[in-house]
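Undergrad: generate coordinates for the sequence data below:
(2 chains, ligands or ions: 2)
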Amino acid sequence: MSGSLFQLPDELILTTLAQTFPCREAQIRALSTLLYPGAAPCRNLVIYGTEATGKSAITAALLTRLSDQPADDGFSLQYAVVNSAECITARHLYESVVGKVADALAWDGPPSRCETVSQLTVELAKMLKYTTRPDGFRFVLVFDGIDRQRDAPHTLLPALARLSEIIPSLTTVFIVTSPPPHFLLTSSVPHLHFPTYTKPDFISILSVSPPPALPNTTAQETADLWARFTAAVHDALARAASRTLPSFTHACTALWPRFTGPIHAGTHTAREFSKLLVAARVHFQDERLLDPGVLALALTTTTTTTTIITPTQQQQQQPKKEPNNTTTAMANAGADLAHLLPTTPRLLLLACYLASHNATKTDLTLFSTHHHGRRRRGGGLSVSGGGRGRGRPRSKHRKIARKLLGAHAFVLERMLAIFAAVRGEWESLSLSQQQQQQGEEVLLQKGDADIGMAIATLASLRLLVRVGGTAAGGDAMDCGGKWRVNVGWEVIRGLGRGVGVEVEEWLID
Amino acid sequence: MAENENISVSFEEDDHRAAFVFNPEDGQGNNTKQQQTARPAKRRKVAKADAPKLQSTSAAVAAGPAFPPLFNGAESPDAVRLRRELFETVWPHVLREANRTTLDEVTAFLQQAAEAETGKITAGFIITGPNIASQGLLFEQLAERLCTATQAAKFVRLRASEAPNLKAVLKRIIRDATATRGAADGDGEGEDDVDAEVAQGGRKYLDYDLEALHVFLSRQQKQQSRRVVVAFQDSEAFESGLLTDLITLFHSWRDRIQFDVLFGVATSVELFQARLLKSTARQLYGAQFDVVQANSVLESVIKSAVAGTQAGLRIGPSLLRSLVERQQDQVAGIQVFISSLKYAYMCHFYANPLSVLLAGDGRLDRQLLQPEHIEAVRTLDSFQAQAEAAVGARQLNHAQLLIEDDEYLVAQVMELGQKRKEYLTQLLRSLHLAASTGLSSAPFTDLYILALSSGIDIDQSSGTLPLEDAVKRLSPGELISLIDSLLSAIQTGSPEIGLEGWESDAEEFVGPLTDLRDEIEGLIERSKSNGTALKSKYSAQSRVMRTTVVAQKVQLSQDSATLTDEDKAFTKAVDTLLGLLSQNLHCDPVDNLFLHEVWVFDSKSPYRDVFVPRPGATFGRALARPHDYLACACCAQANGGLESTLPTTAILYHLYLEAGALLNVADLWSAYYALVGDESDVGLDERSALVCFYRGLAELGTMGFVKPSKKKADHVAKLKHWTVVQRRPKANSGRDYYILLLAATRRLQHNTRRAATNPAFHAKLSQMTLQLAPLVQLTTGAIHPSFPRTLLAFWLLTDAQLDALAHFYHQRTPGPWTRQYPCPVSWPAGLGLEEKRRKLGRFIGLRGCDSPSLGVVVLENGVGEMLGRTEEEIVEGARRERVRRGEEVEEVRRKMGWF
Ligand SMILES: Nc1ncnc2c1ncn2[C@@H]1O[C@H](COP(=O)(O)OP(=O)(O)O)[C@@H](O)[C@H]1O
Ligand SMILES: [Mg+2]
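TA: Ligands and ions are numbered 1, 2, ... in the order given. Modelled structure (predicted):
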């Protein structure tokens, strides 16, 4: 041990680290001071800051280097990082801590179970406190994202903060998003803030890794262009919506090939920044960059080759939508469903909708064939029918149309009865002439196996959901089971029109 | 149906009958549960004579279930064996090919993404359509494929039902991924919440700790891949929160374990993405795969397995049509189609003795054909048609020989194979030609069904496939390409349906076609040099019709006047072509063929009964028209109506149908009694009628038609909504129902009692003669012989009888059935006689038999008390009882009431 009382780690470590993580020099230095055994090691440390500000990355990188440093000056540091996102339960967290600490110390005692914080304390004390260690030894235990721990008891954080009081050679680091004051219930815990990046920060971070040089352009020119380009992207997109470093990086890398397209084509040179910008203006306005979706954008070639469309398929294929456009996707959902489902499940879904949205007491009027050869139907909507002038002047009551309200639960048996009652009429609308001739025998079937299958399908698509206490484990075919339809009016109307049924006519207010 | 009809059919035939008449008075039940034990004893009686046969079958059992001999057992074992062999050889083992392209693409994508190093999780979205069943097959194949690939990845299949929460999913992933290959497709047996541990290399991990998986993977041999593919089979059914959690978790582990995910998506990727957080979606690197649409799979299956030359048995047109329609209308995957096909094959070879005739020349010899076979052939429709046609064509000799001379008929039968082959070749060739003309837009399946059911004929006015006009309208150029495509169709055949090219067979078709083509080409040349466009009589007309509307007539005459020599020649060529086509594009409907029954199976009913069972409708029908099943003499004239001789339950069912949502039990009883009581033809006395009534109503309850109602005392609620839909009553205890019945009866008894002169005596008398509705054993439906039919008999039960009763109704030794009875009781050893009697009384539902701790002591008093209590008290008592007993009986009842 050298004589000095206060000694920072090797300067080389800090500078190289500051180069890999630009704009974080202050944080890196503060961190190394608070963690390095030779400097001013603290017991607990809270690192906070919003998402993707480099908290985890910088802490991990710094600790790796510090622990790799040869222990010639008498100080040695070991560490373990436990990511709460990977821990399913609190017990899982404890066991990972023990496991990782043991790994870091190359401890080969018998593994033991660890169900509570006190057991954790015992285990850690065994490894860190009651085993003699050299003087300048410190162990750093990092709890990354501990505020997101699943199933955490509320005493978890204060208890973890006590660990370093019990074990003198331990430093505990908590990485959180935004700490409430006094959440560790101990006094004077140093806090280290990782602020969000500003525009110049973003630009300097990105210029650390410029893209490969463009044709007919030097690497320096490319880097300059890249810097100006990232600034432009930041102005266009990031300031408004994509504020985190990863999403900004993503936007830049996605736009870069299009932006430099003219250079590759030879129409512009790298110097003509404003011309390039004008040429690429459409891309800068493209919002899809902000919401890339699950299908890989860069992968367009793959997607098209993997999507095989055979001629037979083309006939019944729904109009292909632009991928990644969720708004149109939602609007098209009704049409999609209509294409997806065979006839019976479609009609069944309509019957479910009616069962959910018609009051039970009106069933008799709607579906009974007792007195009239034909069933009576509700005459459209009286309120909120929009353009439907017919019903409007007649009634002035202030009730909200049922279709605008949420779906009510219904008993399966009732829905089947409604289905049996309306099926004949609906099917004749949707079937072709030739199929109608064989129609009568179809009508007789009620509650057959195919219906069960259709219900199961609708349920697995979450178009129909089970409600009530038995929802989790009960038998799906229990006729007393309660169900609720899970699709909205728009979808149902589209679906109804697909088979020639105006669902509106069957709703009663 | 508890009514007993005397049926003395032998047991074996019973096995294949559609309806059983259950006869409780037989004593021992013969319900399915007991069949295994009950049957051998019974069979021995009937089957003494053919004991050797039984032995031979038991020898065959070793190879699988044997076919029974047909012709009432007269079929020779050889023929039986042949039928079975035929079944096994003829069934074309249909496809696992369908998903091949998808599989290839998915594997290629995973491979490529693994090399791409995107820092994201590779995600394949497989759009499967809503068919749950087809997803199963696809993912099975995927698992196989990925596990057997050179870089075998670990494959974990998840279904939403097995994935209630994060912990359970992780447990499953770890268990399946660390399991050795092959056993990976484990079942999701009860995931208990105990935090079990998995040991991995000396250390123990929590069983949901991915670290264990990590250690496992890093301990593997070098060449084995570190990838874990997690497939979410029905991704829509997973909770979105769970998915998000999992993806985030996988993402944070990606530097140690490389997870790839696959999603089976029924709807669309957009909808799927809408359920995820954007930050989660950003962690996926996805590609979409569309599974080939069900329709084209269906078509290729039909081509290869139904229509193709290798299909041994033909599925008849009407059955095939209903199968195809079911595919379009219902959620029935291609698997259902295939198993329906297989079932048709099975039915045919299992039940049609003539199916032996399908055997090839080598295996079918004269000795095999018994007189019964020949007899059976003569009963066929197609035989009759053949004979009649022969008579009509004045081939009297032929007809007579057919009918009288066995050997002559056998000779005809032996030609069957050849004829069948000829017919099929002709059929498929015509179909192939028709398809290759490209003139008909109907898909292959429709064409095939059409050809089987009504034949192919291209005549414009009378034909089934009128192509004539379409051919006439073709321009010369199109006509040449038509001829070309016909020629190439003949040359190549169609590998899809197993049809080889038949150029050598069709010289008289190919030759003229080639000549025609050359001629038309020459005509085109010539008219081009003349500067006119070549047209035929037909195309010229149609052109005029189309172009001018006003001056039709003038132009028409002008136009036809300008038909040149070439045009005339061309017209002639078109006519020749049509003649050729109508000769070659031609086949007869399949049922015109002699003996087609041997190789065509076209019966819809067994298929429908098995694949689309309709228990609801069946129950309803059986109750509405019991006579159809019982075939008793007395109810013949009922014809679906109400008749007093019907079984009680059926009568009650008819009354039930006419009633409203709530049935007054007393009214029901009086209606019933009016029908069967003293004054009617049946003339039951009140007591026996009441017993029947109870029993009938209880049966309706068991079948889920009625349920006690809380709304009104002594009413029961209708449970089946037929056409009139009514609100269902709140759940109620099964015990209430019994009490309500009792209450209703009591009111009736009360009336009669008042009329009597000596009330006390009569009360006693009626108490003692009170008929008790017998209880049936749950497993068999039988009634114990010493079950007390009256209250008097109840008091006379001996100790041994009580024990026997308790045992019979599963009360003495608790088992799964014990708690299923309406009022289960405990039956510990060492009870006294009266104690036992009291318990049994309680078990069969007598009031006042509750345990002494509740205060009521003497049974006799209890019954008396019951008879004296007011209805309100009884209902109140029932309510208390219900609160005490919980509602588990109700649970059972509710579940049984689905149909
Ligand atoms: N200043 C920086 N320079 C370079 N890369 C950075 C910088 N800050 C963050 N990053 C990168 O951003 C990503 C997110 O960082 P991370 O440490 O996970 O953020 P946090 O833990 O704060 O949410 C990491 O890949 C990291 O390398
Ligand atoms: Mg972090």
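
Undergrad: any regions of the stretch 251-400 of chain B where pLDDT drops low?
TA: The stretch 251-400 of chain B contains residues with pLDDT under 70 at B:292-294, B:361-362.

Undergrad: how close does the nearest residue to B:Gln386 once chain neighbours are set aside get to B:Leu427?
TA: Excluding the flanking residues, the one nearest B:Gln386 by C-beta to C-beta, 6 or more residues apart in numbering or on different chains is B:Phe594, at 4.7 Å. Placement of C-beta: from N, CA and C, glycine included. With distances taken as C-beta to C-beta, to the nearest Å, B:Phe594 is found 16 Å from B:Leu427.

Undergrad: over to A:Glu504?
TA: 50 Å.

Undergrad: next: A:Ser178.
TA: 77 Å.

Undergrad: so which of these two has more stuff around it?
TA: Applying other C-beta atoms under 10 Å in any protein chain shown to A:Ser178 and B:Leu427 shows that B:Leu427 carries more neighbours, namely 22 against 9.

Undergrad: wait, is that one part of a helix?
TA: Yes - counting by DSSP: H, G, I helix; E, B strand; the rest coil, B:Leu427 falls inside a helix.

Undergrad: so which residues of the stretch 201-350 of chain A form helices?
TA: A:219-233, A:245-259, A:261-265, A:273-279, A:281-284, A:300-306, A:311-315, A:326-340, A:343-357 (DSSP state H, counting those that start in this stretch).

Undergrad: as JSON lines, these with mean pLDDT, distance to chain B and mean neighbour count would be great.
TA: Converted to JSON lines, the helices of the stretch 201-350 of chain A look like this (pLDDT from 0 to 100; distance: least, C-beta to the nearest C-beta, whole Å; neighbours: other C-beta atoms under 10 Å in any protein chain shown):
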{"stretch": "helix A:219-233", "mean pLDDT": "90", "distance to chain B": "17", "mean neighbour count": "18"}
{"stretch": "helix A:245-259", "mean pLDDT": "86", "distance to chain B": "7", "mean neighbour count": "18"}
{"stretch": "helix A:261-265", "mean pLDDT": "88", "distance to chain B": "22", "mean neighbour count": "14"}
{"stretch": "helix A:273-279", "mean pLDDT": "89", "distance to chain B": "26", "mean neighbour count": "15"}
{"stretch": "helix A:281-284", "mean pLDDT": "84", "distance to chain B": "19", "mean neighbour count": "13"}
{"stretch": "helix A:300-306", "mean pLDDT": "30", "distance to chain B": "5", "mean neighbour count": "14"}
{"stretch": "helix A:311-315", "mean pLDDT": "35", "distance to chain B": "5", "mean neighbour count": "12"}
{"stretch": "helix A:326-340", "mean pLDDT": "50", "distance to chain B": "3", "mean neighbour count": "18"}
{"stretch": "helix A:343-357", "mean pLDDT": "88", "distance to chain B": "4", "mean neighbour count": "25"}
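
Undergrad: quick one: B:Glu496 from B:Leu428, how far?
TA: 11 Å.

Undergrad: ugh, wrong one, I meant B:Trp817
TA: 58 Å.

Undergrad: so which of these two has more stuff around it?
TA: B:Leu428 (21 against 14).

Undergrad: for the more buried one, which non-adjacent residue is closest in space?
TA: For B:Leu428, the nearest residue in space outside its immediate sequence neighbours is B:Leu499; the separation is 5.2 Å by C-beta to C-beta, 6+ apart.

Undergrad: contacts only, for the closest residue in space to B:Arg687 that isn't next to it in sequence.
TA: Spatial nearest neighbour of B:Arg687, excluding adjacent residues (C-beta to C-beta, 6+ apart): B:Gln771 at 5.2 Å. By C-beta atoms under 8 Å, 6 or more residues apart in numbering or on different chains, the contact set of B:Gln771 is B:Arg687, B:Ser688, B:Leu690, B:Val691, B:Arg789, B:Thr790.

Undergrad: name the SS class of B:Gln135, please.
TA: Per three-state DSSP, B:Gln135 ends up helix.

Undergrad: right, and it touches B:Gln141 too?
TA: No - between B:Gln135 and B:Gln141 there is no contact under C-beta atoms under 8 Å: 10.8 Å.

Undergrad: could you list the buried residues of stretch B:619-626?
TA: For stretch B:619-626, burial by neighbour count (16 or more other C-beta atoms under 10 Å in any protein chain shown) applies to B:Phe619, B:Gly620, B:Ala622, B:Leu623, B:Ala624, B:Arg625, B:Pro626.

Undergrad: I'd assumed B:Leu110 was in a helix, is it?
TA: Yes - under three-state DSSP, B:Leu110 sits within a helix.

Undergrad: burial measure for it, as a count.
TA: Neighbour tally, B:Leu110, other C-beta under 10 Å: 21.

Undergrad: could you find the closest non-adjacent residue to it?
TA: Using C-beta to C-beta, 6+ apart, the nearest residue to B:Leu110 is B:Asp260, at 5.5 Å.

Undergrad: what does A:Phe183 give?
TA: In space, A:Phe183 is closest to A:Leu157, 5.8 Å off (C-beta to C-beta, 6+ apart).

Undergrad: and the one you found, what helix or strand is that in?
TA: Element membership for A:Leu157 (DSSP states H and E) is helix A:156-166.

Undergrad: can you check B:Ala123 too?
TA: Here B:Ala123 is covered by strand B:121-127, with elements defined by DSSP H and E.

Undergrad: surely A:Val101 meets A:Phe139?
TA: Yes - contact criterion C-beta under 8 Å: A:Val101 and A:Phe139 qualify, at 7.3 Å.

Undergrad: which ones are touching B:Leu467?
TA: B:Leu467 makes contacts with B:Ala434, B:Thr437, B:Leu439, B:Ser440, B:Ile458, B:Leu581, B:Leu585, as judged by C-beta under 8 Å, 6+ apart.

Undergrad: in helices, which of those residues fall?
TA: Among the contacts of B:Leu467, DSSP state H puts B:Ala434, B:Thr437, B:Leu581 in helices.

Undergrad: circling back to that earlier point, so which of the contacts of B:Leu467 also contact chain A?
TA: Restricting these to those within reach of chain A (C-beta under 8 Å from any C-beta of the partner chain) leaves nothing.

Undergrad: taking these, tell me the two that lie furthest apart.
TA: Greatest spatial distance among these (C-beta to C-beta): B:Ser440 and B:Leu581, at 12.4 Å.

Undergrad: tell me which of these two has more neighbours.
TA: Higher neighbour count among B:Ser440 and B:Leu581: B:Leu581, with 22 against 16, using other C-beta under 10 Å.

Undergrad: please name the residues that touch that one.
TA: B:Leu581 touches B:Leu433, B:Ile458, B:Leu467, B:Val471, counting by C-beta under 8 Å, 6+ apart.

Undergrad: longest helix of the chain?
TA: Reading this off chain A. helix A:412-430.

Undergrad: my bad, chain B
TA: Ordering each helix of chain B by length in residues (DSSP H) puts helix B:507-530 first.

Undergrad: buried ones in that helix?
TA: B:Phe509, B:Val510, B:Leu513, B:Leu516, B:Arg517, B:Glu519, B:Ile520, B:Leu523, B:Ile524, B:Ser527.
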